[in-house]
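> 3D model of this:
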Amino acid sequence: MKKTIKILLTALFIISFSGCRNEVFYNIMNDVPPEKTTVSGVINSIARYKIDSTEFLVLSADGGLRYKKAEDYSHTTWKTYSNLPFKLHSYDYYGQGHTGQQILKVLADKDTLYMVSVKYKNDELIGTSAPDKFYIWGKKISLNSDGSWSTEGEWTEITRQRSDGTDLLQYYKSNDYYYTRFNVFSTNSPNPNHRKVYVKSKSSTDTEYYEITGLNITDTILTPIDGSDGKDIDGAAYHMNVIYFFDSSAVCSNETTNSSPTIIYFGKEKSSKLYYFDGSQADDGSNCHEVLNAGEHISCLAVTNDSVLIGRARKEKSTTTSGGIVRCSIESDGKPSTSLSSFSNNAQTQLSSSYMIYTLLSVDPSENEKDSALYSSIGFKGTGTSTSVNFNNIGLWSYYPSRGNWNRE
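Next up is the predicted model:
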């Protein structure tokens, strides 16, 4: 019997950009030979994680927990960390059914790595698979002498109950789909000292927020930025010794490893408008400045020294996908340009409007876009029967200055 999984998890999505050029010939001219596929699957986050003096990038993909040195500006250098607190999810059609857990998201603070995972069960009433329980795991990882990750030490399940005594990580079912009532999000700052991880936990009546510190979950009070009502926070960023919170995961600052941020760039939930915050007062009396319309819902952002990369994905229920990537330039004062500008590479060909952009990351925001190592994960809705999408493209994409183009990672 074929089993299907219908789950909509707290998340991302957004975009699309068109011009008057002939798209067919434009795409052919900007296409490049594909690299060997090494990191595939739906990738919901790319975490920065520092061990001793070495900075790593970490994510969940095929093979489970994957990592590489952030300074490796090259293809095929991702490693797999097999020391997990569970077996990876699989389904035994003739025996035990669902076994193991699926990693949904990876995050990190100054010295602890976190995984959000789920265990599945069968929904016998409708003949589909369903979530059984969600988990948050944490571990401080050390390095072996060869620079690989040590398997010493155990993962800790990080949990607590809400103030009303119910589960922290709740979900519910509606019209045969399962929805989470929680989210785990972080600042993901280039500076490890500013990396913070938070949990949003909703019930049918209210929302509570917590901070994960080391291997503990503590109560916290969030201060949302102007323009966010504070009822549904999903993003955070550090600015001038304060953590600001937003109602969207599309948040990124111009902070670098060696310099403090002066501007936070952000989108709003189910909105195509880009904003920035620098502490000054806007024309409407708030401290959030509207910049431009990106054409589709903004799902994620990445910042380089001279540009803001804007990932998009429409979040409404639909059998088709609307997404892609666009960009705007950054002026000399750090403020974003009020209009979109063209890429000098093949970004819009590879990360086209046929795909949802789940994540974007600039390894070193102090570098100009053409000199940066950039990453993005993409996917699409539906069966993949359209000629504009390909299941082999679901996964991680990268831009390296030595290569000069976006290609499959």
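> helices along the stretch 301-409 of the chain, start to end?
Per DSSP state H, counting those that start in this stretch, the stretch 301-409 of the chain carries helices over the ranges 347-350.
> tell me the centre residue of this protein?
For the chain, the residue whose C-alpha lies nearest the mean C-alpha position (C-alpha atoms, centre = their mean) is residue 45; its distance is 3.3 Å.
> wait, isn't residue 76 in contact with residue 36?
Yes - counting by C-beta atoms under 8 Å, residue 36 is a contact partner of residue 76 at 6.7 Å. For glycine as for every other residue, the C-beta is placed from the backbone atoms N, C-alpha and C.
> returning to what we had before: tell me if I'm right that the residue nearest to the centre of the chain and residue 105 touch.
Yes - Residue 45 is within contact range of residue 105, at 4.9 Å (criterion: C-beta under 8 Å).
> anything in contact with each of these two?
Counting by C-beta atoms under 8 Å, 6 or more residues apart in numbering, the shared contacts of residue 45 and residue 105 are residue 60.
> hmm, what's the outermost residue in this structure?
residue 94 (35.4 Å).
> does that residue sit in a helix, a strand or a coil?
Counting by DSSP: H, G, I helix; E, B strand; the rest coil, the backbone at residue 94 sits in coil.
> now do the residue nearest to residue 360 when sequence neighbours are not counted, the pLDDT please.
Of all residues not flanking residue 360 in the chain, residue 302 sits nearest, at 3.8 Å (C-beta to C-beta, 6 or more residues apart in numbering). You'll see residue 302 listed with a pLDDT of 98.
> residue 302: what's it in contact with?
Residue 302 neighbours (C-beta under 8 Å, 6+ apart): 252, 308-309, 311, 360-362, 374, 376.
> helices along the protein, start to end?
Taking DSSP state H as the criterion, the chain carries its helices at 23-30, 347-350.
> off-centre distance for the last one?
Yep, that's helix 347-350 we're talking about. 19 Å (C-alpha atoms, centre = their mean, to the nearest Å).
> now for that helix, which elements pack on it?
Counting contacts by 3 or more C-beta pairs under 8 Å, 6 or more residues apart in numbering; DSSP states H and E, helix 347-350 is packed against helix 23-30, strand 323-329, strand 405-408.
> which elements pack onto the last one?
In this case it means strand 405-408. helix 347-350, strand 395-400.
> and those: which comes nearest residue 219?
strand 395-400 (35.4 Å; C-beta to C-beta).
> what angle do the closest one and strand 323-329 make?
Going by axes from the mean of the first three to the mean of the last three C-alpha atoms, to 10 degrees, strand 395-400 is angled at 30 degrees with respect to strand 323-329.
> worst average pLDDT in the helices of the chain?
Across those, the lowest-scoring stretch is helix 23-30, with a mean of 44.
> quick check: the closest residue to residue 123 other than its chain neighbours vs residue 177, distance?
Spatial nearest neighbour of residue 123, chain neighbours left out: residue 130 (4.1 Å); criterion: C-beta to C-beta, 6+ apart. Distance from residue 130 to residue 177, counting by C-beta to C-beta, to the nearest Å: 10 Å.
> before we move on, the earlier item: quick check: the residue nearest to residue 123 vs residue 171, distance?
To residue 171, residue 130 is 9 Å away according to C-beta to C-beta.
> shared neighbours, these two?
Listed as contacting both residue 130 and residue 171 by C-beta under 8 Å, 6+ apart are residue 178.
> leaving out sequence neighbours, find the closest residue to residue 70.
Closest to residue 70 by C-beta to C-beta, 6+ apart is residue 55, at 4.2 Å.
> next up, the contacts around the spatially closest residue to residue 325 that is not a sequence neighbour.
Ranked by C-beta to C-beta, 6+ apart and with sequence neighbours excluded, the top spatial neighbour of residue 325 is residue 351, at 4.3 Å. Shown in contact with residue 351 (C-beta under 8 Å, 6+ apart): 311, 324-325, 357, 376, 378, 397, 406.
> do that again at 6 Å, thanks
When contacts are counted by C-beta atoms under 6 Å, 6 or more residues apart in numbering, residue 351 is found next to 325, 376, 378.
> tell me which of those residues is nearest to residue 119?
Once C-beta to C-beta is applied, the member of the contacts of residue 351 that ends up nearest residue 119 is residue 378, at 26.9 Å.
> from residue 37, how far off is that closest one?
In terms of C-beta to C-beta, residue 378 sits 13 Å off from residue 37.
> neighbour count winner among these two?
Using other C-beta atoms under 10 Å as the criterion, residue 378 and residue 37 rank with residue 378 on top: 27 against 14.
> the more buried one: what's it in contact with?
So residue 378 contacts 351, 355, 357 (C-beta under 6 Å, 6+ apart).
> and the pLDDT for the first one?
Translated: residue 351. On the pLDDT scale, residue 351 gets 97.
> got it, and the last one?
pLDDT, the model's per-residue confidence, is 97 for residue 357.
> with adjacent residues omitted, what lies nearest to it?
Leaving aside its sequence neighbours, residue 357 sits nearest to residue 311 (C-beta to C-beta, 6+ apart; 3.1 Å).
> can I assume residue 55 is in contact with residue 72?
No - here residue 55 does not reach residue 72: they are 10.4 Å apart, not a contact under C-beta atoms under 6 Å.
> list the residues that contact residue 278.
By C-beta under 6 Å, 6+ apart, the neighbours of residue 278 are residue 263.
> change it to 10 Å
Taking C-beta atoms under 10 Å, 6 or more residues apart in numbering, we find residue 278 in contact with 239-240, 254, 261-265, 287-289, 333-335.
> which of those has the largest number of neighbours?
If you rank the contacts of residue 278 by neighbour count (other C-beta under 10 Å), residue 265 sits at the top with 28 neighbours.
> show me what that one is bridged to.
Beta bridges link residue 265 to residue 252, residue 276, judged by DSSP bridges.
> so the residue nearest to residue 357 makes contact with residue 353?
No - with contact defined as C-beta atoms under 10 Å, residue 311 does not count as touching residue 353 (11.4 Å).
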